[in-house]
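Peer 1: Kindly generate the corresponding structure for this input.
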Amino acid sequence: MRKLLMSFLIVMLVLPSAAGAQPADPVGTVSTGDDEVYRAYDNPDVYFDAIAGILIFGTVYDDDTAASRSLDTAAAIFVASLRSGVASDEMGGGDYEFGELEDAEIGQIGDESTASLLPFELFESFEGEYGVVIVRQGAWVQVLIGFGIGEVDVVAELETIATEIQPRWPSDEAISVREDGLRTGGVWDMTPMPEDLPEGFEIDEDFEEGPAATTDSIVPLDPVSSDVDEEPTDPGTSDEEEPVESESPGVRALPLIPDDEVEEPTTTDTPDPIASPTDTSEDEPADGPDAPDAMDPAEDEQADGPAPMDTPAMNERLAQPFDVSFEIIIAEGRYARNDDGSCSGSGLIETLTADDEAGVEGQLALREGNGDALATSELDGAGMVGYDTVLEQDVCYMTARFSDVPGRSQYILVAGESVIGRFGYDALTSGEPVLVVIGAD
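Peer 2: Next up is the predicted model:
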């Protein structure tokens with residue numbers, strides 16, 4: 001099996017050749033074990049600016065811990081094997097120059113996922129890259145390796161394939177053979193089928209290896225699997241609603257530049273209540289962080305904060321990490337204004353506002369329930385005083401941005417030991433800044 005992998009890694013360095021027609025009998029080699037599987041594809045008509053070959057192999061480990069450890073070493077082992085193979089006399093190692101293995105960004109897939117990139121130069125003329133994407137689900141680990149020359153983003157394309165087939169495994173289905181000779185079910189479900197790849201890829205029979213079928217049944221191919229019939233839609237009665245402009249906190253006018261002489265508002269109308277970050281209705285009261293007493297941490301410990309919004313359950317494996325920005329406004333009377341236009345005070349505001357001279361860093365955390373922090377962020381400098389056109393008063397205004405927040409169905413926003421907001425996944429992934437108002441009547 002290891003010799004098979006090494007051969008593929010070396011062969012991928014040369015331009016692919018067309019694969020022969022696939023036989024009616026099962027494709028590839030039958031292995032004696034049932035915990036490893038290999039499958040490879042060539043793209044015989046591609047030479048530049050696209051992936052030229054893909055190798056996928058999966059392993060079932062004894063337990064989750066052993067599987068998780070493999071993610072730290074799989075990419076390094078791949079690179080070491082590749083360098084060793086290319087250095088052999090028969091490959092003419094001088095034709096290939098490799099860069100250093102580097103981490104690549106990837107969204108969350110399964111229980112754990114990592115990605116790596118290995119740049120190289122071919123014949124001192126062509127630049128290319130290897131991409132490695134590794135996904136763990138339980139004790140099962142899937143590794144996808146791709147290769148391309150020119151303008152190609154190998155990791156992104158491998159990530160798309162891994163995400164597409166992620167719901168199929170781990171699988172306890174019987175292993176069977178399709179009409180095209182490919183095995184499916186069980187450990188084979190960690191490998192993509194031709195219909196999961198871009199057009200042009202062909203199975204490479206020389207690298208197909210894994211356990212035999214456990215059933216004699218032949219799986220028929222659906223010739224119209226990619227052309228699913230859909231009910232015709234009357235353009236005049238479409239269920240899709242026209243986009244409606246909403247008064248989202250993300251389009252809220254920011255406070256004005258601090259000004260010692262604030263002009264009194266000319267209107268006597270009562271200001272509309274401020275929409276909370278989780279408000280989804282104009283007619284219902286907001287569930288957001290209406291926390292007039294949040295300034296006293298002792299009182300925060302006695303209160304559970306606003307009731308969490310009813311967010312539909314979600315599959316955390318499918319939720320991608322995201323970035324989110326918060327705009328935090330502290331209402332008048334809850335802070336003190338400094339001579340330089342910044343705001344300060346005691347209690348919660350002391351936790352929020354940064355004071356470089358005192359060595360205090362304003363920091364927020366997003367948590368899942370009362371668990372460990374999923375992400376943390378420092379507030380963008382000291383809070384500044386400005387006039388807010390909605391509250392019609394001076395407020396203390398500050399912002400914070402979180403990056404790569406893991407997908408969860410519910411979050412709490414915490415400053416120190418004080419909960420200042422509760423949100424659902426949809427509220428934080430709308431693409432708009434989330435507004436948090438503290439101390440407003």
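
Peer 1: Going by C-alpha atoms from here, please, whenever you check contacts or count neighbours.
Peer 2: Noted.

Peer 1: how about the helices in the chain?
Peer 2: All helices of the chain, identified by DSSP state H, fall at 2-11, 64-70, 74-86, 154-165, 297-302, 348-352, 425-428.

Peer 1: residues making contact with the fourth one?
Peer 2: Outside of helix 154-165, the residues within contact range by CA atoms under 8 Å, 6 or more residues apart in numbering are 50-51, 104, 106-107, 109, 115-117, 129-133, 135, 144-148, 189-192, 196-197.

Peer 1: in the sheet, who's paired with Thr399?
Peer 2: Beta-bridge pairing for Thr399 (DSSP bridges): Glu327.

Peer 1: Buried among the contacts of helix 154-165? Need that as a selection in ChimeraX.
Peer 2: Isolation of the buried members of these (16 or more other CA atoms under 10 Å) is achieved in ChimeraX through the command below:
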select :50,51,106,107,109,115,116,117,129,130,131,132,133,135,144,145,146,147,148,189,190,191,192,197
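
Peer 1: and the contacts of helix 154-165, which of them are in strands?
Peer 2: 50-51, 115-117, 129-133, 135, 144-148 (DSSP state E).

Peer 1: Which two of those have the greatest separation?
Peer 2: Ala50 and Val135 (22.5 Å; CA to CA).

Peer 1: Please name the residues that touch the nearest residue to Leu101 once chain neighbours are set aside.
Peer 2: Leaving out its chain neighbours, the residue that sits closest to Leu101 by CA to CA, 6 or more residues apart in numbering is Leu118, at 4.8 Å. The contact partners of Leu118, taken as CA under 8 Å, 6+ apart, are Val79, Phe98, Gly99, Glu100, Leu101, Glu102, Glu129, Tyr130, Gly131.

Peer 1: Got phi/psi on Leu391?
Peer 2: Per-residue torsions, Leu391: phi -70, psi -20 (degrees, to the nearest 10).

Peer 1: Just the closest of the contacts of Leu118 to Glu327, please.
Peer 2: Glu102 (34.7 Å).

Peer 1: pretty sure Phe120 is touching Gly128, no?
Peer 2: Yes: counting by CA atoms under 8 Å, Gly128 is a contact partner of Phe120 at 5.4 Å.

Peer 1: of these two, who's got more company?
Peer 2: Remark: of Phe120 and Gly128, Gly128 carries more neighbours, 23 against 17, as counted by other CA atoms under 10 Å.

Peer 1: What is the neighbour count of the closest residue to that one other than its chain neighbours?
Peer 2: Computed as CA to CA, 6+ apart, the closest residue to Gly128 that is not its neighbour in sequence is Ile149, at 3.9 Å. Ile149 has 25 neighbours, counted by other CA under 10 Å.

Peer 1: And Ala336, by the same measure?
Peer 2: For Ala336, the neighbour count with other CA under 10 Å is 16.

Peer 1: which one of the ones in strands among the contacts of helix 154-165 is nearest Ser377?
Peer 2: Checking the ones in strands among the contacts of helix 154-165 one by one against Ser377 (CA to CA), the nearest turns out to be Ala115, at 24.5 Å.
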